[in-house]
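A.B. asks: build me a model from this:
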Amino acid sequence: MNAVEPPGPPVGPPDASLSPRYAGIATFARLPRLDDVPRADIAVVGVPFDSGVSYRPGARFGPAHIREASRLLRPYNPAQDVEPFAAQQIADAGDISANPFNLDEAVAQIQAAAEELTADGTRLLTLGGDHTIALPLLRAVAKRHGPVAVLHFDAHLDTWDTYFGAPVTHGTPFRRASEEGLIDLTAGLHVGTRGPLYSRQDLRDDERLGFAVISSPEMETEGLPRAIERMLARLGDRPVYLSIDIDVLDPAHAPGTGTPEAGGMTSRELLAMIRALRGTNLVGADVVEVAPAYDHAQLTAVAAAHTAYEILSAMTPDHLPRRTTGPATAPGEVPETDPGADPANAPGTDPANDLKNDPTNDRGMR
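C.D. replies: Numbers count the residues shown, from 1 in each chain. This next block holds a predicted model:
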């Protein structure tokens, strides 16, 4: 019997100093396509579908818009001190085709495709598309992991019952998911909600369905560190499904979306909260509701691309090595430094400084 060769190192994006970012096929972050690698630890997949929207359409063009803006992403993430594309194989799986004229059939197609893509243990980061797609994605995740903690960043609750008698829309996915037993009722959490509701009953129903809330006004009064503390306490060590509606951001940061609400999070706040998820058990994620027709200068697409990048970085297992520029040190051990050196520039003090001072990095911070 022939020995099985160990898998080679992950295939990442091409070197931007040799191949212009604006050239080539627009996969997410210029990563390889799924059919160009033996397997993937994480697959980025698009779902160009928006037949579940209740207001402005156009999110079907979101996946392509996000991919185009992701061309500028770089391999090393200094904020999380990780090289997500080198630590694990990430590939672009293209788009899932969903029937735009039959919502029930589309939901079934999305679920079937998600189950096929994750059959070998691959995790998904899905680019929408409207928020309807979260329901079939959660069905696929729950088949593998059981009820999960749903961490939901959104201006809206998305736990309403029906629209025009339709039970499955972009405003109802988490109500259906809760009713179907896909959500751990002790660990659901909305972050960034704001704006008018239909009645107080919306909040009572939402709590019954298994969700706590960190609203946008609460984030302003309590501060970001407290919001992160509450988020991590709510999730615990459960498997987490992360769902991000880009309208969680204030329209100043993300105008290109279907149901914008004033008074939202900044992109800096959102990215910080995603980074805090490093080390949690992220089993899947989506970034949805990017509608390019309402975008300006790719503001929304850039925010969504960076959001997805931080998710991929947070999904990098903690046991995998991070970038190092000198001898490794044991946990809690202080690395040796030149007594005359500026302590602010000591290796490990600032990952961005480490990268800038790394002699192997001939591209600096461009």
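A.B. asks: show me what Ala212 bridges to in the sheet.
C.D. replies: Note on Ala212: beta-bridge partners by DSSP bridges are Leu189.
A.B. asks: wait, doesn't it sit right on Leu189?
C.D. replies: Yes: with contact defined as C-beta atoms under 8 Å, Ala212 counts as touching Leu189 (5.2 Å). Placement of C-beta: from N, CA and C, glycine included.
A.B. asks: any shared contact partners between the two?
C.D. replies: Between them, Ala212 and Leu189 share these contacting residues under C-beta atoms under 8 Å, 6 or more residues apart in numbering: Arg234.
A.B. asks: for these two, indicate the residue with more neighbours.
C.D. replies: For Ala212 versus Leu189, neighbours defined as other C-beta atoms under 10 Å are more numerous around Leu189 (20 against 16).
A.B. asks: please enumerate the strands of this protein.
C.D. replies: Here the chain has its strands, by DSSP state E, at 42-47, 90-95, 123-128, 149-153, 188-191, 211-214, 239-245, 281-288.
A.B. asks: what helices or strands is the first one leaning on?
C.D. replies: Judged by 3 or more C-beta pairs under 8 Å, 6 or more residues apart in numbering; DSSP states H and E, the packing partners of strand 42-47 are helix 62-69, strand 90-95, helix 103-117, strand 123-128, helix 299-314.
A.B. asks: re the thing from before, can you put the strands of the chain in CSV and add mean pLDDT and distance to Pro167?
C.D. replies: Listed next are the strands of the chain as CSV, based on pLDDT from 0 to 100; distance: least, C-beta to C-beta, whole Å:
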stretch, mean pLDDT, distance to Pro167
strand 42-47, 98, 19
strand 90-95, 98, 25
strand 123-128, 98, 19
strand 149-153, 98, 18
strand 188-191, 98, 19
strand 211-214, 98, 18
strand 239-245, 98, 18
strand 281-288, 98, 19
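A.B. asks: out of those, nearest to Leu197?
C.D. replies: strand 211-214 (11.4 Å; C-beta to C-beta).
A.B. asks: kindly export the closest one (C-alpha atoms) in PDB.
C.D. replies: Taking Å, rounded to 0.1, in the frame of the first residue of the first chain, the C-alpha atoms of strand 211-214 are listed here in PDB:
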ATOM      1  CA  PHE A 211     -32.300  36.200  22.700                       C
ATOM      2  CA  ALA A 212     -30.700  38.800  25.000                       C
ATOM      3  CA  VAL A 213     -30.000  42.300  23.500                       C
ATOM      4  CA  ILE A 214     -27.100  44.700  23.600                       C
END
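A.B. asks: give me the neighbour count for the nearest residue to Asp184 once chain neighbours are set aside.
C.D. replies: Take Asp184 and drop its neighbours on the chain: the residue closest to it by C-beta to C-beta, 6 or more residues apart in numbering is Pro147, 4.5 Å away. Counted with other C-beta under 10 Å, the neighbours of Pro147 add up to 22.
A.B. asks: ok, Pro147 touching Glu180?
C.D. replies: No: the pair Pro147 / Glu180 is not scored as a contact, 9.6 Å apart, by C-beta under 8 Å.
A.B. asks: how about low-confidence regions in the stretch 201-350 of the chain?
C.D. replies: Scanning the stretch 201-350 of the chain for pLDDT under 70 picks out 319-350.
A.B. asks: 80 instead, please
C.D. replies: Scanning the stretch 201-350 of the chain for pLDDT under 80 picks out the ranges 318-350.
A.B. asks: need the helices and strands packed on strand 42-47 in CSV with mean neighbour count and distance to Thr257, can you?
C.D. replies: Below are the helices and strands packed on strand 42-47 laid out as CSV (neighbours: other C-beta atoms under 10 Å; distance: least, C-beta to C-beta, whole Å):
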stretch, mean neighbour count, distance to Thr257
helix 62-69, 25, 9
strand 90-95, 23, 20
helix 103-117, 18, 20
strand 123-128, 25, 11
helix 299-314, 24, 6
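A.B. asks: which of those sits closest to Pro84?
C.D. replies: Distance to Pro84, taken as C-beta to C-beta, is lowest for helix 299-314 among those, at 4.6 Å.
A.B. asks: which intervals of the stretch 51-200 of the chain have sub-threshold pLDDT?
C.D. replies: For the stretch 51-200 of the chain (pLDDT under 80), the answer is none.
A.B. asks: count the neighbours of the spatially closest residue to Arg176 that is not a sequence neighbour for me.
C.D. replies: Excluding its sequence neighbours, the residue lying closest to Arg176 (C-beta to C-beta, 6+ apart) is Leu135, at 5.5 Å. A total of 25 residues lie near Leu135 under the criterion other C-beta under 10 Å.
A.B. asks: sweet, I'm off.
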